[in-house]
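>>> Model the following, please.
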Amino acid sequence: MKLNVFQTEEEVLNSLAAYYVFVANRAIEKNNRFSVALSGGSSPRKLYELLSSATFKHQTDWSKASFFFGDERRVPHTSADSNYLMAKKALLDPLQIDVRQHYPVDTSLPPQEAASHYERDIADYFQGGFWKFDLVLLGLGDDAHTASLFPGSSILQDTVPAVRENYLSDKQVYRITLNAPLINNAWNVAFLVYGESKATALHQVIEGERNINQFPAQLIQPHEAEVQWFIDQKATAKLINRTQFVY
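Below you'll find the predicted structure:
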């Protein structure tokens, strides 16, 4: 685990954008393609807008990238709650990414079918090989969830890489999500976390007693590399061990 800590939100976003470009270029140089599983939410939107800005849009070959999603709400792609729509507006459309490089979840299907269909998309992309994304981008909820791995979910016990449907009874909605074993297969995993509202969850995940049912983000421990956390000073307010910070 590596904690990359910055003073401001802007510095966090710029550092993660630079990391994204580095990982993408390394994958393209090695395999002539780059696969990423995008995160949803308001924080990643700012990252995507930065990546599609004049500062970063010429720093990698976007035609070699394939865009998957770490999780998705079961809503139409035209819904304001759609992670795909957010990424499309903030990143894919501004960069004029070919639709053949988009891999959205088919939310028109029943939840279990949507998950199975997405597994087939992933399997087809990796052509029978291991399902290993070059990069998985993640956020952290105030309740210590990540992707759609929520506290108390049965899928937290999964041991085999898969795409799963997850019913959130408190919200009475379904989510489709990569499970932790699939995320942990990735070559690189990066969390984007900033703001005072994340301080408690960050402390629980990093320094709290291991309790994956209560703090699901503790499950994220990739096999091939250490987790990269991109965080601001406000989010670290409740962390005790500051010797692990990288400035």
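
>>> Check residue 173 and give its pLDDT.
You'll see residue 173 listed with a pLDDT of 89.

>>> count of residues packed around it?
As a burial measure, residue 173 scores 15 neighbours (other CB atoms under 10 Å). Placement of C-beta: from N, CA and C, glycine included.

>>> gap between it and residue 182?
From residue 173 over to residue 182 the distance is 21 Å, taken as CB to CB, to the nearest Å.

>>> need the helices for the protein, in chain order.
Assigned by DSSP state H, the helices in the chain fall at 9-31, 42-51, 83-87, 111-125, 180-184, 199-207.

>>> Of all the ones you listed, which one comes closest to residue 141?
Among the helices of the chain, the nearest to residue 141 by CB to CB is helix 199-207 (6.7 Å).

>>> buried sites along that closest one?
Judged by neighbour count using 16 or more other CB atoms under 10 Å, the buried positions of helix 199-207 are 199, 200, 201, 202, 203, 204, 205, 206.

>>> Equivalent analysis for stretch 56-64, please.
Neighbour-count burial for stretch 56-64, with 16+ other CB under 10 Å as criterion, is recorded at 56, 57, 60, 62, 64.

>>> thinking again about what came up before, would you mind giving the helices of the chain as TSV with mean pLDDT added?
Rendered in TSV, the data for those read as follows (pLDDT from 0 to 100):
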stretch	mean pLDDT
helix 9-31	98
helix 42-51	94
helix 83-87	98
helix 111-125	98
helix 180-184	98
helix 199-207	97
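
>>> How much space separates residue 166 from residue 199?
Residue 166 is 26 Å from residue 199, by CB to CB.

>>> Same check on residue 158?
29 Å.

>>> which ones are touching the residue lying closest to residue 126 once chain neighbours are set aside?
Sequence neighbours aside, residue 132 is the residue nearest to residue 126 in space, at 7.3 Å (criterion: CB to CB, 6 or more residues apart in numbering). Residues in contact with residue 132 (CB atoms under 8 Å, 6 or more residues apart in numbering) are 126, 185, 186, 187, 224.
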